[in-house]
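Undergrad: Prediction below, plus the sequence it came from.
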Amino acid sequence: MESFTLRFELDFAALAAYYLLESPTAGIGGRALSDIPAFPLADRVPVISADAIARGVRAAASQLVDQLTQWGFIAIEMPGIGQATIDVTTHFAAACQSMAPSLSDFIYTQVPQRSIGGNHGFFPMFSEVPRLAKGVADPKEFLHISGAIIDDVPSGSRAVLETFNDLGRLAADLFARGFELASAVGGLICSLISDNPSLDLGLSWQSSILRLVHYVVEDHREVLAYEHSGIQMLGVQYPPSDRGLQYVLNDGQWVEPQIAGTNVVLCNVGRMLTSASGGRFRPSTHRVHRASPLDQYERWSNVLFCHPDHRANQWVIRENSRDVVPLAATWGEFVSDMVRGLGIATAAGE
Ligand SMILES: [Fe+2]
């Protein structure tokens, strides 16, 4: 990974204070979810070409650091990514409709999250019960495509991608672009928190997961996903099919980034990075609300969760230090601890 020679000053004390916002009731402030201000991003954020991602991140470094400091997430415009995302969604939608073959042939009801490759396969409607949902499952089905199954590790795991061949090819391409972006952003972040030139986030292609999500809402719920943050080091949110995705900024204000129908992708901080950075970066808390009053509402969203190798040891750069301290526990153990709260079974022995 290329290292960054620029140095930036971050207001870590302020960021640590904002971290306290991560609580079940933070940020709503009595405001209706549908009344959250729009947050336009197209034409306001750096444009980075998909064929020169590392160079683009380096050139835009100071703007990206400003975003991280002020907003708590990164936004960039990548020409072509909107259409690439639509193409994946179109094929995923066809796969969801298909009876033979069926995505149900690739159902995972248990999540071997700690194994190499993370979790992968199809999760049917109501598989996931988030912490804040009071036992109510999210109205969504999703497909997990890890880098490992793109590589056919373990052998045979690629079957779902071979069965839905065009989807597999397009999704692998979308995965690759997001992974390259996260790796470049990871290099920038390492240069902020340590002087150790060999530090990188250790993002692992095989442990990272592209999640294709399909919400199907047939009741009148307003919240499709309660506020939450991801487990990952860095996440890449591609433009979804509709508005409704909301983020809390570092100043506590909720906003609705305008990314649907654009080429803007968001790069999120996950809990792994919060941990490794000694709390310097708070997790990018977000939620999804219903953007339409229609009785039957559908929404499509794609996100890449970038993880380090789950067999690697965790590390931390403690407060008031720039030294990397290795920890005894692995990142796989970190994932297990987090998944336990999600209402998804974890495979025994994983
Ligand atoms: Fe999320």
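TA: All right, it came through fine.

Undergrad: Please look at residue 246 and residue 255 and confirm they touch.
TA: Yes. In this structure, residue 246 is within contact of residue 255 by Cβ atoms under 8 Å, at 6.7 Å. Glycine gets a C-beta too; all of them are placed from N, C-alpha and C.

Undergrad: more neighbours, these two?
TA: Neighbour totals were compared for residue 246 and residue 255, and residue 246 leads with 21 against 15 (other Cβ atoms under 10 Å).

Undergrad: How about the more buried one: which residues does it bridge to?
TA: Counting by DSSP bridges, residue 246 is bridged to residue 287.

Undergrad: what sits against it?
TA: Going by Cβ atoms under 8 Å, 6 or more residues apart in numbering, residue 246 touches 33, 36, 254-257, 286-289.

Undergrad: redo that, cut-off 10 Å
TA: Applying Cβ atoms under 10 Å, 6 or more residues apart in numbering, we find residue 246 in contact with 27, 33, 36-37, 39, 225, 227, 254-257, 285-289.

Undergrad: of all those residues, which two lie farthest apart?
TA: The span of the contacts of residue 246, defined through Cβ to Cβ, is set by 37 and 225 at 19.4 Å.

Undergrad: ok, those two, which is more surrounded?
TA: Taking neighbours as other Cβ under 10 Å, residue 37 and residue 225 compare with residue 225 leading, 23 against 11.

Undergrad: Please, which helix or strand holds residue 188?
TA: Element membership for residue 188, per DSSP states H and E: helix 165-193.

Undergrad: need the helices for the chain, in chain order.
TA: For the chain, the helices defined by DSSP state H occupy 12-19, 53-59, 61-70, 81-97, 147-150, 159-163, 165-193, 271-276, 331-339.

Undergrad: Output these as CSV; include the columns mean pLDDT, distance to residue 235 and mean neighbour count.
TA: Listed next are the helices of the chain as CSV, based on pLDDT from 0 to 100; distance: least, Cβ to Cβ, whole Å; neighbours: other Cβ atoms under 10 Å:
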stretch, mean pLDDT, distance to residue 235, mean neighbour count
helix 12-19, 38, 17, 15
helix 53-59, 97, 16, 18
helix 61-70, 97, 14, 18
helix 81-97, 97, 15, 18
helix 147-150, 91, 14, 25
helix 159-163, 93, 21, 17
helix 165-193, 97, 8, 21
helix 271-276, 96, 10, 22
helix 331-339, 83, 13, 19
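
Undergrad: Nearest to residue 47, out of the ones you listed?
TA: helix 53-59 (7.7 Å).

Undergrad: mind listing what residue 163 touches?
TA: By Cβ under 10 Å, 6+ apart, residue 163 lies in contact with 95, 98, 101-103, 105-106.

Undergrad: Using neighbour counts, trim these to the buried set.
TA: Buried members of the contacts of residue 163, counted by 16 or more other Cβ atoms under 10 Å: 95, 103, 106.

Undergrad: If we only consider the residues you listed, which is nearest to residue 171?
TA: In terms of Cβ to Cβ, no member of those lies closer to residue 171 than residue 95, at 10.2 Å.

Undergrad: I'd like the distance between the closest one and residue 121.
TA: Remark: distance between residue 95 and residue 121 (Cβ to Cβ, to the nearest Å) = 12 Å.

Undergrad: residue furthest from the geometric center of this protein?
TA: residue 100 (30.6 Å; Cα atoms, centre = their mean).

Undergrad: any idea how far it lies from residue 51?
TA: 38 Å.

Undergrad: Please apply the same query to residue 332.
TA: Counting by Cβ to Cβ - residue 332 and residue 51 are separated by 34 Å.

Undergrad: Could you do residue 335 as well?
TA: According to Cβ to Cβ, residue 335 and residue 51 sit 32 Å apart.

Undergrad: Tell me what the residue nearest to residue 235 when sequence neighbours are not counted is bridged to.
TA: Leaving aside its sequence neighbours, residue 235 sits nearest to residue 268 (Cβ to Cβ, 6 or more residues apart in numbering; 3.8 Å). Counting by DSSP bridges, residue 268 forms beta bridges with residue 73, residue 235.

Undergrad: list the contacts for residue 268?
TA: Residue 268 sits next to 72-74, 182, 229-230, 232-237, 247, 283-286, 303-306 when contact means Cβ under 10 Å, 6+ apart.

Undergrad: if I pick the residue nearest to the spatial centre of the chain, what's in contact with it?
TA: Closest to where the C-alpha atoms of the chain average out (Cα atoms, centre = their mean) is residue 235, at 2.9 Å. When contacts are counted by Cβ under 10 Å, 6+ apart, residue 235 touches 73, 178, 182, 208-209, 211, 229, 266-270, 273, 283-284, 286, 303-307.

Undergrad: if you set the cut-off to 7 Å instead, what comes out?
TA: If you count contacts by Cβ atoms under 7 Å, 6 or more residues apart in numbering, residue 235 has them with 268, 270, 303-306.

Undergrad: out of those, who has the most neighbours?
TA: Neighbour counts for the contacts of residue 235 peak at residue 306, which has 32 neighbours (criterion: other Cβ under 10 Å).

Undergrad: pLDDT score for that residue?
TA: Note on residue 306: pLDDT of 96.

Undergrad: for the spatially closest residue to it that is not a sequence neighbour, what are its contacts?
TA: Distances taken as Cβ to Cβ, 6+ apart put residue 182 closest to residue 306, at 4.2 Å, once the chain neighbours are dropped. Going by Cβ under 7 Å, 6+ apart, residue 182 touches 203, 234, 236, 267, 306.

Undergrad: mind listing what the second one touches?
TA: Spelled out, it's residue 234. Counting by Cβ under 7 Å, 6+ apart, residue 234 has contacts 182, 185-186, 267-270, 273, 306.
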